[in-house]
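# next comes the sequence, and after it the predicted model I'd like to discuss.
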Number of protein chains: 4
Amino acid sequence: MVRYKKSEEKRKQILFAAFQALSELGYDSVTLQTIADHAEVSKGVVHYYFGSKEAVLVELLEWLTAKISAKEQAAVQEQPTAAGKLKAYIDSAFPGPAKNRSFYRVYLDFLARASRIPVYREINQRFYDNCARISTEVLTLGQKEGIFAKALIPDTTAPVIRAIIDGCLIQWLMKDDDELHAAYKESCYEAVMKVLRV
Amino acid sequence: MVRYKKSEEKRKQILFAAFQALSELGYDSVTLQTIADHAEVSKGVVHYYFGSKEAVLVELLEWLTAKISAKEQAAVQEQPTAAGKLKAYIDSAFPGPAKNRSFYRVYLDFLARASRIPVYREINQRFYDNCARISTEVLTLGQKEGIFAKALIPDTTAPVIRAIIDGCLIQWLMKDDDELHAAYKESCYEAVMKVLRV
Amino acid sequence: MVRYKKSEEKRKQILFAAFQALSELGYDSVTLQTIADHAEVSKGVVHYYFGSKEAVLVELLEWLTAKISAKEQAAVQEQPTAAGKLKAYIDSAFPGPAKNRSFYRVYLDFLARASRIPVYREINQRFYDNCARISTEVLTLGQKEGIFAKALIPDTTAPVIRAIIDGCLIQWLMKDDDELHAAYKESCYEAVMKVLRV
Amino acid sequence: MVRYKKSEEKRKQILFAAFQALSELGYDSVTLQTIADHAEVSKGVVHYYFGSKEAVLVELLEWLTAKISAKEQAAVQEQPTAAGKLKAYIDSAFPGPAKNRSFYRVYLDFLARASRIPVYREINQRFYDNCARISTEVLTLGQKEGIFAKALIPDTTAPVIRAIIDGCLIQWLMKDDDELHAAYKESCYEAVMKVLRV
DNA sequence: AATGAATGAGAGTTCATTCAT
DNA sequence: AATGAATGAACTCTCATTCAT
C-alpha cells in the first residue's frame, strides 16, 4: 500500500502536523492552512499529497491508531507474565499527561465522527480489534497462570478492558489536571484487575 | 429564575431540534439552517432566541446533561437497596439502542469540544459531579449493607463507575449494532459489580 | 401637511431620538432598534408612525434643516444693522461645540446621501435657499448702509457665505477639539467680512 | 516600503473599483460584491487582498487623499508666482464636473465617517495638513511679493482656504448642475483672493 | 395604539479546492 | 514538485419589515 515511495517522509511530516494542529485547534478550527503552517509547507502541498482535507484526516486516524496499537503490542510482548503484560498494557495506554491529552483530544474528535461516518468507524474498528487481541493475549495467559478467572470469555471481556481504559482517560482529560494522571492510571489498573481476578 | 421573556417552550423546541440535527449530522455539518428546519421555524428565529449558534450548543449541552442527571437520580432514588440502586443506575444509563445512539453521538461531539473549551468542560464537570453523587450514594449504602468492599474510597471509585459506563457505551456505539446493546449493558453491569464487590 | 394631528408630538419624539442615534452611531450603525431605544418606544412604533426607516431619515433631514433655518432667520431679524445681522447669523451657525458636533455629524451623513439621492438633495436645496435668503438680506442691507461692496451680486455671493460657514465647521469637526471652536468661528467671521467688505 | 507580496497592481485595480462603486452607490449600498464586480474579480479576491471590507475603505481614503495631495502639490510647484500658484491650486481642486462629482461624493461619505471614527479622521488630518502646507507656501510667497496681507497668520488662514474650496464644491455638488461648475470655481477663487489680498 | 415574535433576503467572511506558473 | 492567487459555495449573523395579538 506504499503509494508514494519517494515522498512517504513528507506525508508523515504532514500527518504529524495535522495531528498537532487538530490537537490544538479541534475539528472545526483546523484548516488546510493551519495544517500547512504546522508542517511548514504551502497549502497546495497538503492537497498535492492527500487530494483532499478529508483524506488527510482519514489517513491521520489510520496512522495514529496503527502507531498506538504497535506501541501497545510491543510493550505487552516484552513481558513474560500475565501480570507484567497487563501492567505494560496500562502503562502504554497512560504514557503521561502531555501525550494522553494530545492523543485523546484528537481521538475524541474522531470518535464523534466515527459514530456517523463508516470510513472512520472501520478504522476505529481495526484499532479496537487490535486492542482486543492484546487483551485476549493477556487474559488467556493469566487464566493459564491461574491469576485470572477461568470463567471469563475473552470475546466479551476484552472490550470491557478497553472501555475502562478509554473511560478513565476521558474522565481524566475532562479534569484537565496533570497531577491527577497517576491517580487515574492507578484507578484504571485496579479496576481492570478487579474485573479479571479470580 | 425567570431569565427569558421569550417563550420558554419555543426555546425547548429549538433545543430539541438542535439535538436531533446534531445527532444526525454531527458538529461540522449542523448549521443554523438545519436546526431551524428540524424545529420548523425560520433561520432567524434561532438567532432571535439564542443570540448565536454557539449559545444554542452550549445551552443544549446544559439541557441534555441536566436531563440525564435528573433521570438517573430519580431512577436510583426509587430503589431502596444498593443492588437495586446500582441496577437502576445502569438501566437508566442504557435506556436502549436508539436513545443511547442519539445521545452518545451528540455527547462525543461535546466531549471533543470540552477537551479544549472551558465553558463546555465546566458544564460537563457538573454532569460528572452529579454522576459521582449518584455513585457515591450507591456505594456507601452498599458498604453499609455489606455487599460492597469497605475499603473503597468514594472519591476515587465514583469516577471509575462512570468511566466504565461511558467506555462501554462508546464501545457499543462504535459497533453500530443494536443487537449488541443488551450484551454491552450486561458487561458493564458485571464490570461495575466486580469493581465494587467485597 | 399635518398628517397625524393627534400624534404629532410622538413623531417629534421619534425624530429627535433618530437625530441622537444618528449623531452617535452614524448611518451604517443606526437601526430601527437603536432609534426605538433612544425614543424609549418599541421598534414597531417607529414603523407605525413613519412607514419605513427611509421615511424617518427623510423626515429627520426636513425637520433638522427647517429648525436650523428658523433659528438663523429669527436671530438675523432681531438685529437692525447689517453688521449685527451678520454677527447674529454666524453666531447662530456656531452655537457651540456640542451642538455643532451633533448637527454636522448628522448633516455630513445627509450631504453624502444628498449627492446621490434626489429626495435628500431637494430638501437640502430648500435649506440652501433659506440660507441664501438670509445672506441676501444681510448683504443688500449692508450695501445700502455702505459697509459691503456694491458690486457684489447676491445670487453669486450668498452661496459663498454658506460655503465658508460649512467649510469652516467641517474643518473644525475634523480637528475634534472643542477648544478650537471659538477660533474657527472667528476665522469664519473674518473670512465672510473680507469677502463682503468694500 | 514593500508591504505587500501580493501584486500591488491588483490592489490598485481593486481600490479604483471600490472608488467607482462607492461614488456610484454610496456607503450603505456598496458591498464587497459590487466592488468585486467593478474590479471584474470574484468576491473572494477583495478579501484576499485586503482582509476585510473596512480595510478596503480605509486604504481607499488613504490612496485618494494622497493622490489629490500629490496632484495639487505638483500643480502649485510648477508656478513661480504667488498668483500663479493660487490659480494652479484652485484649478487643481476644480478639475471639472465629472472628477469633482465622483471625488466629492466619496469624500463626503468619508468625512461623515471621519467625524466618528478615529482612523478615518487621522487620514483626513494628514490630507488637511498637506492642504495647509500648500496654502502656507502660497500665502508666504504672496506676502513677500506684497500681494497678500502681511498681517495674515498662515496657521489660521490656511484652514480657511481649504474650507472655502470644500464649501464651494459641496455647494456645487448639491446643485447637481455641470454648467455651474465654472461659476463656483470663479466664486471660490474670488473669495480666496479677497480673504488674502492686502 | 402598541408590541415584539417571526421572517428571510442579503451582508461580510471563511475556506476547500483548482490551477497557472 | 511546489506555490499561492483565485474562486465561489456556504456559513453565521443583521435587520427592515410584517403581522398576530
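Structure received.

# for A:Q73, which non-adjacent residue is spatially closest?
Counting by Cβ to Cβ, 6 or more residues apart in numbering or on different chains, A:I134 is the residue found nearest to A:Q73 once chain neighbours are left out, at 6.2 Å. Where C-beta positions appear, they are placed from N, C-alpha and C, glycine not excepted.

# which parts of chain A belong to which domain?
Here the domain parsing of chain A from automatic domain parsing is A:1-51, A:63-196.

# could you single out the most deeply buried of those domains?
Mean neighbours per residue, mean count of other Cβ atoms under 10 Å in any protein chain shown, is largest over the domains of chain A for domain A:63-196, with a mean of 19.

# so how far is it from its chain's centroid?
In terms of Cα atoms, centre = their mean, to the nearest Å, the centre of domain A:63-196 is set 8 Å apart from its chain centre.

# could you give the mean pLDDT of that domain?
Taken as a whole, domain A:63-196 has an average pLDDT of 97.

# now for the top helix by length along chain A, which elements pack on it?
Ranked by residue count, the top helix of chain A under DSSP state H comes out as helix A:118-145. On a contact count with 3 or more Cβ pairs under 8 Å, 6 or more residues apart in numbering or on different chains; DSSP states H and E, helix A:118-145 meets helix A:53-78, helix A:82-93, helix A:97-114, helix A:154-175, helix B:154-175.

# 6 Å instead?
On a contact count with 3 or more Cβ pairs under 6 Å, 6 or more residues apart in numbering or on different chains; DSSP states H and E, helix A:118-145 meets helix A:53-78, helix A:82-93, helix A:97-114, helix A:154-175.

# in terms of helices and strands, where is A:K150?
If you go by DSSP states H and E, A:K150 is not part of any helix or strand.

# flag every residue of chain A that's near DNA strand F.
A:K6, A:S7, A:K10, A:V41, A:S42, A:K43, A:G44, A:V45, A:H47, A:Y48 (Cβ under 7 Å from any atom of the strand).

# JSON lines please, covering those and showing pLDDT.
As requested, these are arranged in JSON lines below (pLDDT from 0 to 100):
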{"residue": "A:K6", "pLDDT": "48"}
{"residue": "A:S7", "pLDDT": "80"}
{"residue": "A:K10", "pLDDT": "90"}
{"residue": "A:V41", "pLDDT": "95"}
{"residue": "A:S42", "pLDDT": "95"}
{"residue": "A:K43", "pLDDT": "94"}
{"residue": "A:G44", "pLDDT": "94"}
{"residue": "A:V45", "pLDDT": "95"}
{"residue": "A:H47", "pLDDT": "95"}
{"residue": "A:Y48", "pLDDT": "94"}
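
# taking those residues one by one, which sit in helices?
A:K10, A:K43, A:G44, A:V45, A:H47, A:Y48.

# who's in contact with the fourth one?
With contact set as Cβ atoms under 6 Å, 6 or more residues apart in numbering or on different chains, A:V45 has no partners.

# how about 10 Å then?
A:S7, A:K10, A:Q13, A:I14, A:L32, A:I35, A:A36, A:A39 (Cβ atoms under 10 Å, 6 or more residues apart in numbering or on different chains).
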